[in-house]
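J.: Pasting the sequence and the predicted model now:
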4 protein chains.
Amino acid sequence: MGMVGGGRDAFIGAVHRMAANLDGQIELVAGAFSSDPEKSRLSGEDLFLDPSRVYGSYEEMAAKEAALPEEERIDFVSIVTPNHMHFPVAKCFLEAGFHVVCDKPMTFDVEEAVMLKEIVEKSGKVFALTHNYTGYPMVKEARQLVKSGKLGKILKIVAEYPQGWLIKNIDAEGQKQAAWRTDPTKAGASSCIGDIGTHAENLGRYITGLELEAVCAEFTSFVPGRKLEDDGNILVRYKGGAKGVLYASQVSVGEENSLTIRVYGEKASLEWKQEYPNDLLMKYPEAPRELLRRGNPYLSEEANKFSRIPAGHPEAFIEAFANIYLEAARAIRDAVEGVSVGGPYDFPTVDDGVEGMRFIQTAVNSAKAEAWTRFER
Amino acid sequence: MGMVGGGRDAFIGAVHRMAANLDGQIELVAGAFSSDPEKSRLSGEDLFLDPSRVYGSYEEMAAKEAALPEEERIDFVSIVTPNHMHFPVAKCFLEAGFHVVCDKPMTFDVEEAVMLKEIVEKSGKVFALTHNYTGYPMVKEARQLVKSGKLGKILKIVAEYPQGWLIKNIDAEGQKQAAWRTDPTKAGASSCIGDIGTHAENLGRYITGLELEAVCAEFTSFVPGRKLEDDGNILVRYKGGAKGVLYASQVSVGEENSLTIRVYGEKASLEWKQEYPNDLLMKYPEAPRELLRRGNPYLSEEANKFSRIPAGHPEAFIEAFANIYLEAARAIRDAVEGVSVGGPYDFPTVDDGVEGMRFIQTAVNSAKAEAWTRFER
Amino acid sequence: MGMVGGGRDAFIGAVHRMAANLDGQIELVAGAFSSDPEKSRLSGEDLFLDPSRVYGSYEEMAAKEAALPEEERIDFVSIVTPNHMHFPVAKCFLEAGFHVVCDKPMTFDVEEAVMLKEIVEKSGKVFALTHNYTGYPMVKEARQLVKSGKLGKILKIVAEYPQGWLIKNIDAEGQKQAAWRTDPTKAGASSCIGDIGTHAENLGRYITGLELEAVCAEFTSFVPGRKLEDDGNILVRYKGGAKGVLYASQVSVGEENSLTIRVYGEKASLEWKQEYPNDLLMKYPEAPRELLRRGNPYLSEEANKFSRIPAGHPEAFIEAFANIYLEAARAIRDAVEGVSVGGPYDFPTVDDGVEGMRFIQTAVNSAKAEAWTRFER
Amino acid sequence: MGMVGGGRDAFIGAVHRMAANLDGQIELVAGAFSSDPEKSRLSGEDLFLDPSRVYGSYEEMAAKEAALPEEERIDFVSIVTPNHMHFPVAKCFLEAGFHVVCDKPMTFDVEEAVMLKEIVEKSGKVFALTHNYTGYPMVKEARQLVKSGKLGKILKIVAEYPQGWLIKNIDAEGQKQAAWRTDPTKAGASSCIGDIGTHAENLGRYITGLELEAVCAEFTSFVPGRKLEDDGNILVRYKGGAKGVLYASQVSVGEENSLTIRVYGEKASLEWKQEYPNDLLMKYPEAPRELLRRGNPYLSEEANKFSRIPAGHPEAFIEAFANIYLEAARAIRDAVEGVSVGGPYDFPTVDDGVEGMRFIQTAVNSAKAEAWTRFER
């Protein structure tokens, strides 16, 4: 694979590389790691890459890789830039004939998202969006439990994602991760909900299949001078009558990545916490609670095929991330080999990306209007 | 003390009696345990009471007890009836010269609450409202931690109280506890928020001292035929800029009494769970989390004076409830003895009751309007 | 009831009184609260007792109470003195015709225990030993689960009870609770194992019914100058082939009362922690773990009849203690009323006391011999 | 690197490969994956290896790799065979000039261990033993906390490692992982203690630096027909006066890999659970408990340099395993480059292996003698 973004002082690029490395199926061979060519070159050195395939810009990379013989050039590109660059880079590589793995949120705004969907469909290429939390085996189990009807009709979803790292104004102090995420010209119309609220939304949709109908959002910028919200609380209505609460924060002091989801059905409820991802708690009206743990034979095949090691030896974030890569790689391999026997594939798609961008935009609109706001689709 | 309500098939009356018994300072000597005189009589028998002080109605009880010599008659009455009877009973006993301990929510509606406040003030009697969760020592510690400034300015409160017991339509089947709570002529304008959401509201206010400014509520009756909501989700704005999420449910399957509160400040955050009440978790931006446990010398005097046994031997619900009674009893004793040296007292007052009723009413209004609604005070 | 011991600066006496008060079935009316008559008198005042029934010595109390008319005198005495006084006080009251509730360990040594058993049997009176942890509803559930065969044959028991309060030499500084527990003339041949290890032993026996066959113990006095062990680790063999590990400590810094038991069977295992007593965890070889919670209808009648309030409102230490009193009171009432329909009763008996003393003595012998030591029965 | 063992139906080989892959610093290029040449060949195919470097035996591999030009041949071999093959394979490769990473327990018996130590020292090569649990960042933090004196003098260590997977006689049914572990000709003199008890021992020594002085062990084969113990309970004495309890089991039904260690010092205590490895709990005599979490700036440099991603995004088993590889690779790289500036290195050495084998042997001897048994060194 090749990579765009993820240079020396980036964070998520390294995660993508470890996720891609883990199973020995994917090899990083090319990259444009920074908009600064020198920084890109140095990053390539760190990664033991052939200097001839470390590029100064993504356009150069797309062009030169496409010019390589088919058996030499990259199969796909992994896009790990700030949000505003996702669309142009994805467009460029898709149109140059490459498959794409892209970080979330998918684009800068809904318009780009809809355009990207068209481009992907026209290209016939694989496009995978790294809503990585859906890669956890116990999230896949949760999805299967809902599908199987064990929870009955879903009544309520409570999804929360509090972090605390932006309580200090580190964006103003130039901390790079903070700076672009709070800059409307790079992050888009939302910071907190766009960066992490969208994970909570995606997780709820992945597990339950429910689509949003309307939201009522409250956005707050607690840190003075911040242009985008650092805290968002949202009431949620799903098609079909389920209700929900979704909130995210970057200023909930002392929280790390406490993404938690509770799904309440008529017959049973489930609870999963990202920080303790090997456990899934089921609650019943008239029976003991059940604690399901990753890697056990009593879990569904859909969950267990994404486990690598036996129960009790925990797997975690990188392995879940790698599961997204494994499925994307499987789809890409099938595409490269011209077969289509392998699907369906279990990774987030461009449709998930469009829905995610709609969620962000509708929440932004609702927060501005201080009113319930319906989804436009 | 005397008791109104709490007969044979009631629930909360027994809790009040155990709470009153625990410390050997309060003795139940009279009661009107049911609107059915025969049931009242039998309940009195169960409790080994002198039959002459088991009354057929609360009016009779108030009159006859007031006619007894001062050293024989009850000092106060404990009101444990359904909501709609709180006001008339409280009024009756206050005007007959008795102190009152009353279950929550305080009255049927805001109007009654305001009237009751006037009656209490005019009477000069002690009025204690059993928002019992504020009796837990670690809740008192939480309040002290906020007061001490350890959390800094409070930014956000997340308070939740999911239960699952009303997922079946047991109210329609005549289960008494369910039936009156879902009957608008007995419970008032709200079921779920009135019964348990109000505990979550009170808990947040007790710990932080923050007052509500506006709410945006979504009420749902998930069980067909139910006249009042069995699930409520509320966005919350506090005076001074703090925000919050408050939700409660009676149809969150498998939940028992999972009242949880998280308070996020600029400097630190706290988390407390009613089902594991001896623990209080503190989170800091740049230091390890702290787990504070009831009964330890490092806690505040305000918390520790409400502990009965050493750390590691858990205390729980009944002890917390008894703490409300202990403080009310202290106030009553001071009043009876004509001294006022003992205050301030740490129990919920008629003012808390008025605020609680305003919260219920404003949430009901907001849910109907599907819009943000400001508090009128 | 009457009480011997438990004066002003005692700890466990107050717990016994709260446990006796809780359910409104038992009234404290007499006491010899201290070997110091003046302290006894003042303690009686604190408790609002009739001064004529507050005695200067237990002998006086037994004699004068026995001389009262039957309907006036106490039904039973609760003995809450240091260990060395249990036997003489119990003997005195049993022989004066009173039922007895006695704190643990039952006596100073095995010889006294065997004698007491004879006295109890000869007297025909009720004798209840407050191994209070067996009063927890979820411990009773654990026992039922073993009885029901759900765990299959029991293979292993791991019971631990670490505390940390004696890490400082507070016994040398005169702290009363510490001083007598570490004084071989008052506590007996063991401190740590006698005081708390014996609870762990009793708990394992209560839940599984297994009897000890041999132990290999290591006793250590970590704090210099201490005459008895403050830490004990024991390998255990049960009759029938089960094995075990049992350890206790008073110098495990930061531990409070972390009594924990794990019982491993051929078919399933269970785990219970005293500090979180409303939960019972079941583990299976090929099924999800189950978390059973107090107060739910899926529990056994044997557990639920000892619950007072609904699931999710925690009960704790005092309620468990009160369950011992409730059963003892039921037995005493049956005895007083001359009926024997009520049994069997669920409280620890003089036989449990004898077994507990044998356990302490055998562990002491083993630790001295540094060798496996068989039980003599 | 090259690998010996770890063919198609092996377990730990795949873990070693993922651990080696993760950070993109190590590449698997050769292997003798099975004693069955055909199986070795097929396993090599699965791994996309050049067939010319997939060997039919480890001897062939060592010889042929050594014959390759220095820049082509492997730098080190990873040995992931059953126990009895560790020694001959390690000897062969060390003597052929290769560095070695070897699974635990290091050898079949103490004699081999001592010989291997001599061979390693004579060779001057790097030898790393994969006691992988010491690779967890929070285990490294625990070690630093002890080193820093924060716990004061260590008094007691409780280390436990219960598993349940061998409750059924799957070894008799030919399950390969079970079969060799319970076969004295392949596993050595111990099964349960050799396989997992040795991890618990190593973990205690890694964290505290304490050396064992004597043990008193009880071994049991609960499953009929099993030749080696499937459960072991051990009392432990450390040099300098600390005491301990160490137990392991393969028949504790429902347990997965519940390796847990508690270290009690005079000033503070710590607790770490392998199944929730990002948390480390500290307990103090007179201060709140502290929950330390991986990836936070308040942790030691020694812990944080082994973290890959921010706090709250959990790392787990594979990452910890990879940390052993990272340090071994660093040492090997330094050796290859002829520098020795990089040390000291943080991975288990041949000395740890010798100590581990002594622990196993002494425990076996003690269990047979049913007596306390001192270490011979």
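T.: Looks like it came in fine.

J.: So which bits of chain A are right by chain C?
T.: Contacts of chain A with chain C, taken as C-beta under 8 Å from any C-beta of the partner chain, map to A:281-282, A:286-293, A:296-298. Where C-beta positions appear, they are placed from N, C-alpha and C, glycine not excepted.

J.: Show me which pair in those is furthest apart.
T.: A:286 and A:297 (26.0 Å; C-beta to C-beta).

J.: What pLDDT does the model give residue A:312?
T.: Per-residue pLDDT puts residue A:312 at 97.

J.: And the one 10 residues further on, by the same measure?
T.: At residue A:322, the predicted lDDT confidence score is 98.

J.: what's near enough to touch it?
T.: A:18, A:19, A:20, A:22, A:23, A:135 (C-beta atoms under 8 Å, 6 or more residues apart in numbering or on different chains).

J.: restrict those to contacts with chain D.
T.: A:18, A:22, A:23.

J.: Give me the nearest residue to residue A:142, chain neighbours excluded.
T.: Leaving aside its sequence neighbours, residue A:142 sits nearest to residue A:207 (C-beta to C-beta, 6 or more residues apart in numbering or on different chains; 4.7 Å).

J.: Show me what residue of the stretch 101-250 of chain A gets nearest to chain C.
T.: Nearest residue of the stretch 101-250 of chain A to chain C, counting by C-beta to the nearest C-beta: residue A:141, 10.4 Å away.

J.: From residue B:289, how far out is the residue of the stretch 51-200 of chain A found nearest chain B?
T.: Nearest to chain B, among the residues of the stretch 51-200 of chain A, is residue A:155, at 5.3 Å (C-beta to the nearest C-beta). Distance, residue A:155 to residue B:289, using C-beta to C-beta, to the nearest Å: 33 Å.

J.: More neighbours: those two, which one.
T.: The neighbour comparison of residue A:155 against residue B:289 (other C-beta atoms under 10 Å in any protein chain shown) goes to residue A:155, with 26 against 22.

J.: Beyond the one helix or strand the more buried one maps to, next helix or strand please.
T.: Using DSSP states H and E, residue A:155 sits in strand A:154-162. On the C-terminal side of strand A:154-162, the closest following helix or strand by DSSP H and E is helix A:176-181.

J.: Please identify the buried residues of that next one?
T.: A:177, A:178, A:179, A:180, A:181 (16 or more other C-beta atoms under 10 Å in any protein chain shown).

J.: same for it, what does it pack against?
T.: helix A:184-187 (3 or more C-beta pairs under 8 Å, 6 or more residues apart in numbering or on different chains; DSSP states H and E).

J.: what's the domain layout of chain A?
T.: A:2-129, A:136-309+A:354-374 (automatic domain parsing).

J.: quick one on the thing from earlier: just the buried residues out of the contacts of residue A:322, in PyMOL syntax.
T.: Here is the PyMOL selection string for the buried members of those, based on 16+ other C-beta under 10 Å:
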select buried, chain A and resi 18+19+20+22+23+135
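
J.: If we only consider the contacts of residue A:322, which is nearest to chain C?
T.: The closest of the contacts of residue A:322, once distances to chain C are taken by C-beta to the nearest C-beta, is residue A:135, at 21.7 Å.

J.: what sits against the closest one?
T.: Counted by C-beta under 8 Å, 6+ apart, residue A:135 has contacts A:306, A:319, A:320, A:321, A:322, A:323, A:324.

J.: Wait, a helix at the fifth one?
T.: Yes - with DSSP: H, G, I helix; E, B strand; the rest coil as the criterion, residue A:322 is part of a helix.
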